[in-house]
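Student: Dropping a prediction and its sequence here:
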Amino acid sequence: MGREHWKKIWVGSAGNMVEWFDWFVYATFAVYFADAFFPKGNETANLMNTMGIFAVGFFMRPVGGWLLGRIGDRKGRKAALTLTVTLMSASAILIAIAPTYAVAGYGGVAVLLVARLLQGLSVGGEYAASATYLTEASDPKKRGFASSFQYVSMTAGQLLGLGLQIVMQRNLSDAALHSWGWRVPFIVGALGAAVVFYLRRSMLETEVYEDSGVAHDADRGTLKALWAHKREALLVMALTMGGTVAYYTYTTYLTKFLSKSAGMDKSTASLVSFCALFVFMCIQPLAGALSDRIGRRPLLITFAVGSTSLTVPIMTMLKHAGTFWPAFGLALLALVVVTGYTSINACVKAELFPTGIRALGVALPYAIANALFGGTAEYVALWFKQAGIEPGFYWYVAGCAAVSLVVYLSMRETRDIDLNRVKDEPRRTQAEPVPSN
């Protein structure tokens, strides 16, 4: 790819990294601030309440998907990406200064809730805007490779959060982390968002959007236009279901699972997650490049078959792993399976829609699926644990993957679709070739 392509990918990815750093540090540091916003008592119940607020942020994502997806289609990808990082900076500042229960009673919870709603609004638009931007900005023959950097940057954001947590665990006492240390990552996130805001103000718009002529289409980015592509919207929701549940299980929930269920100390659990996620991040471009050669469907099917058949044994063994290396090996195996979804899901969704409805078409159905399945994954896991039937959650994850498998087997290949198309193309069967650029 040329220098301009790499520049667009770098700017889009850097912003995505900061967005997801802010989004994920809430989950990774929740074990330290859960008791700060609720009356002391049942630790698991307080963590469930805190993760319930985490889930509420997901239910704001469809609103963000609709609003920012509309902006992305009507004003351009750059406008949407700049606005998302502004909202994320504001939410990080709110969490950093939120008063505790001892200071303001449930007032702190109210501030936390508002901040999570803003984060949900921001991330609801960020995913689609960055997925669309990275897919459109890339070489047509390397869209899988280029769009894989969305999860590279997402995982890098999470790794930065975990890395900061590990450093703080080794240099601060547990009491300090519970008292004030948990505020530090949100201050870091707010500063990072300010830097990205500056970078995104000077970013280049994609040629696909500029050359499409959709600026003169009055229906671009509207629900009316999306309704004309309702089949593709439903497909986005269905293919997201299994992937998002598996992703959140082995990323944000893994540290808590190893700590609360497997009995590992928090620092070891964090190190397992960090190392597994680092390898996971590195293999995303490899899988994306592979999809450019063999197609998207083979990777999606491999993920779904693996997740359906391996989730229960992997989670069962993780609970009894005991030490770092067995836990790391099992976590890495799970994340390698999930790579079949994460490395290419951004471009697959973007490839389903024409330019004038691409941002909204990816944003809204994806955000709805994420709210229903991704955002609730940790809460569902903790509910099963609280009820004394924790293995039920393993079967739930496997079942979601099985549903997505049916979709992957029946969907058409999208690798060679022309992103410059504006109007609907005639439906093709999988046996019919799709013209390349």
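Tutor: Happy to help now that I have it.
Student: For the helix or strand encompassing residue 210, buried residues please.
Tutor: Assessed by DSSP states H and E, residue 210 sits inside helix 207-212. For helix 207-212, burial by neighbour count (16 or more other C-beta atoms under 10 Å) applies to 208, 209, 212. For glycine as for every other residue, the C-beta is placed from the backbone atoms N, C-alpha and C.
Student: Roughly how far does the last one sit from residue 280?
Tutor: Using C-beta to C-beta, to the nearest Å, one obtains 34 Å as the distance from residue 212 to residue 280.
Student: and stretch 249-256, how far apart are its ends?
Tutor: Stretch 249-256 has an end-to-end distance of 10 Å (C-alpha to C-alpha, to the nearest Å).
Student: Residues touching it, excluding its own?
Tutor: 24, 27-28, 30-31, 47, 155, 158, 162, 266, 269-270, 272-273, 276-277, 311, 315, 331, 334-335, 338, 377-378, 381, 397 (C-beta atoms under 8 Å, 6 or more residues apart in numbering).
Student: Ok, stretch 36-52 next?
Tutor: Contacts of stretch 36-52 (C-beta under 8 Å, 6+ apart): 27, 30-31, 33-35, 98, 100-102, 106, 108-109, 112, 178, 182, 256, 260, 378-379, 382-383, 385-386.
Student: again with stretch 379-392
Tutor: Outside stretch 379-392, the residues touching it (C-beta under 8 Å, 6+ apart) are 44-45, 47-48, 51-52, 54-55, 249, 253, 257, 260-261, 312, 315-316, 319, 393, 396.
Student: Keep only those of the contacts of stretch 249-256 that are in helices.
Tutor: 24, 27-28, 30-31, 47, 155, 158, 162, 266, 269-270, 272-273, 276-277, 311, 315, 331, 334-335, 338, 377-378, 381, 397 (DSSP state H).
Student: Check the offset of the host helix or strand of residue 102 from the chain's centre.
Tutor: Using DSSP H and E, the element containing residue 102 is helix 101-104. Chain-centre distance of helix 101-104: 32 Å, with C-alpha atoms, centre = their mean, to the nearest Å.
Student: Buried residues in that helix, which are they?
Tutor: So for helix 101-104, counting by 16+ other C-beta under 10 Å, buried means residue 101.
Student: tell me the contacts of residue 107?
Tutor: Residue 107 touches residue 99, counting by C-beta under 8 Å, 6+ apart.
Student: meant to ask about residue 54
Tutor: 26, 27, 30, 116, 375, 378, 379.
Student: ok, the residues you listed vs residue 243, which is closest?
Tutor: residue 375 (13.7 Å; C-beta to C-beta).
Student: before we move on, back to that, in JSON lines, list the contacts of residue 54 along with pLDDT, distance to residue 79 and neighbour count.
Tutor: Output for these, formatted as JSON lines (pLDDT from 0 to 100; distance: C-beta to C-beta, whole Å; neighbours: other C-beta atoms under 10 Å):
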{"residue": "26", "pLDDT": "85", "distance to residue 79": "26", "neighbour count": "27"}
{"residue": "27", "pLDDT": "78", "distance to residue 79": "29", "neighbour count": "20"}
{"residue": "30", "pLDDT": "82", "distance to residue 79": "33", "neighbour count": "20"}
{"residue": "116", "pLDDT": "88", "distance to residue 79": "24", "neighbour count": "23"}
{"residue": "375", "pLDDT": "77", "distance to residue 79": "26", "neighbour count": "24"}
{"residue": "378", "pLDDT": "86", "distance to residue 79": "33", "neighbour count": "25"}
{"residue": "379", "pLDDT": "84", "distance to residue 79": "34", "neighbour count": "18"}
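Student: Next, format those residues as TSV and append distance to residue 168.
Tutor: TSV is the format used below for the contacts of residue 54 (distance: C-beta to C-beta, whole Å):
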residue	distance to residue 168
26	15
27	16
30	14
116	22
375	26
378	22
379	26
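Student: And those residues, which is closest to residue 134?
Tutor: After measuring the contacts of residue 54 against residue 134 - C-beta to C-beta - the closest member comes out as residue 375, at 23.0 Å.
Student: separation between the closest one and residue 367?
Tutor: 10 Å.
Student: okay, and the common contacts of the two?
Tutor: residue 61.
Student: Least confident secondary structure element in the protein?
Tutor: Across the helices and strands of the chain, mean pLDDT, DSSP states H and E gives its lowest value to helix 207-212, namely a mean of 78.
Student: Now do it: which elements does it pack against?
Tutor: helix 107-137 (3 or more C-beta pairs under 8 Å, 6 or more residues apart in numbering; DSSP states H and E).
Student: in the helix it packs on, what's buried?
Tutor: 108-109, 111-113, 115-137.
Student: now stretch 13-21
Tutor: Neighbour count says stretch 13-21 has 13, 14, 15, 16, 17, 18, 19, 20, 21 buried, by 16+ other C-beta under 10 Å.
Student: Show me how far the host helix or strand of residue 52 is from its chain's centre.
Tutor: Element membership for residue 52 (DSSP H and E) is helix 43-74. For helix 43-74, the separation from the chain centroid amounts to 11 Å (computed by C-alpha atoms, centre = their mean).
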